[in-house]
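> Sequence and predicted structure below; questions after.
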Amino acid sequence: MIEFLSSNSNNLRQLQEEDLDIILQWRNDDKIRHFMFNSDVIALADHQAWFKRTVKDEKKHLLIFEKNKFSVGFVQLSVLKGGVAEWGFYVDPSSPRGTGQQMALNVLKYAFESLNLHKISARVIDFNQRSLHLHNKFFFTEEGVLRDEHYDGVKYHDVICFGLLKNEWKKKVTSNA
């Protein structure tokens, strides 16, 4: 059963320049980097350049998830045409279990209720069991498999494509309320 969490303990806010060091530290951690499509260590200068480019793009929503006023996760929503967005995210590798699910719940609520998006899509590398589990738990539909789409430098991996429509989300949230 999904329950909305108290807004007193959880918060989504815009990514700020002063957040860059911490999210880069999380992103470059082996526990996170291993599951990224680009698993290279990212240099600070490249990270700062990405932020300067991306923060100006109105179709990109760069968000920090806070729990008890501490930053614990990062999400990027990239809005495509027609109210469809792709998301990508990661949490502080030292966060307690369940942080990603709490963040996902808050982001989906924001995406569908505040941004009024029609659909959230995701692409997950087949060995990322935690992300696969999260998408299934939050009622995403597996929409396809891109066979041998990702090469990690050693072998090829499938990429699983997921989608969640706003009306599906509303139905599930209402039935679990």
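Noted; the coordinates are in hand.
> going forward, measure contacts and count neighbours with C-alpha atoms only.
Noted.
> And the spatially closest residue to K166 that is not a sequence neighbour, how far from T54?
Spatially, and ignoring its direct neighbours in sequence, K166 is nearest to H118 (5.2 Å; CA to CA, 6 or more residues apart in numbering). To T54, H118 is 22 Å away according to CA to CA, to the nearest Å.
> got the residue ranges for the strands in the chain?
Counting by DSSP state E, the chain has strands at residues 10-14, 60-67, 70-79, 84-91, 119-125, 141-151, 156-165.
> Among these, which comes closest to I22?
Among the strands of the chain, strand 70-79 comes nearest to I22, with 8.6 Å by CA to CA.
> Can I get that closest one in PDB, CA atoms only?
Taking Å, rounded to 0.1, in the frame of the first residue of the first chain, the C-alpha atoms of strand 70-79 are listed here in PDB:
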ATOM      1  CA  PHE A  70      18.700  16.900   4.800                       C
ATOM      2  CA  SER A  71      19.400  16.400   1.100                       C
ATOM      3  CA  VAL A  72      19.200  12.700   0.300                       C
ATOM      4  CA  GLY A  73      18.300  12.400  -3.400                       C
ATOM      5  CA  PHE A  74      18.400  13.900  -6.800                       C
ATOM      6  CA  VAL A  75      15.800  13.700  -9.700                       C
ATOM      7  CA  GLN A  76      15.800  15.000 -13.200                       C
ATOM      8  CA  LEU A  77      12.500  15.200 -15.100                       C
ATOM      9  CA  SER A  78      13.000  15.800 -18.800                       C
ATOM     10  CA  VAL A  79       9.700  16.900 -20.300                       C
END
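> tell me which residues in stretch 104-112 are buried?
Across stretch 104-112, burial judged by 16 or more other CA atoms under 10 Å covers A104, L105, N106, V107, L108, K109, A111, F112.
> what does that stretch contact?
F4, L5, N11, L12, V75, L117, H118, K119, F138, K166 (CA atoms under 8 Å, 6 or more residues apart in numbering).
> Any chance of CSV for these, columns neighbour count, pLDDT and distance to N38?
Below are the contacts of stretch 104-112 laid out as CSV (neighbours: other CA atoms under 10 Å; pLDDT from 0 to 100; distance: CA to CA, whole Å):
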residue, neighbour count, pLDDT, distance to N38
F4, 11, 39, 32
L5, 13, 41, 32
N11, 20, 91, 28
L12, 20, 94, 25
V75, 21, 97, 16
L117, 19, 97, 27
H118, 15, 98, 28
K119, 22, 98, 25
F138, 18, 92, 25
K166, 20, 97, 29
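> sorry, back to before: any chance of the strands of the chain in JSON lines, with distance to H47 too?
Formatted as JSON lines, these follow (distance: least, CA to CA, whole Å):
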{"stretch": "strand 10-14", "distance to H47": "17"}
{"stretch": "strand 60-67", "distance to H47": "13"}
{"stretch": "strand 70-79", "distance to H47": "14"}
{"stretch": "strand 84-91", "distance to H47": "15"}
{"stretch": "strand 119-125", "distance to H47": "22"}
{"stretch": "strand 141-151", "distance to H47": "22"}
{"stretch": "strand 156-165", "distance to H47": "25"}
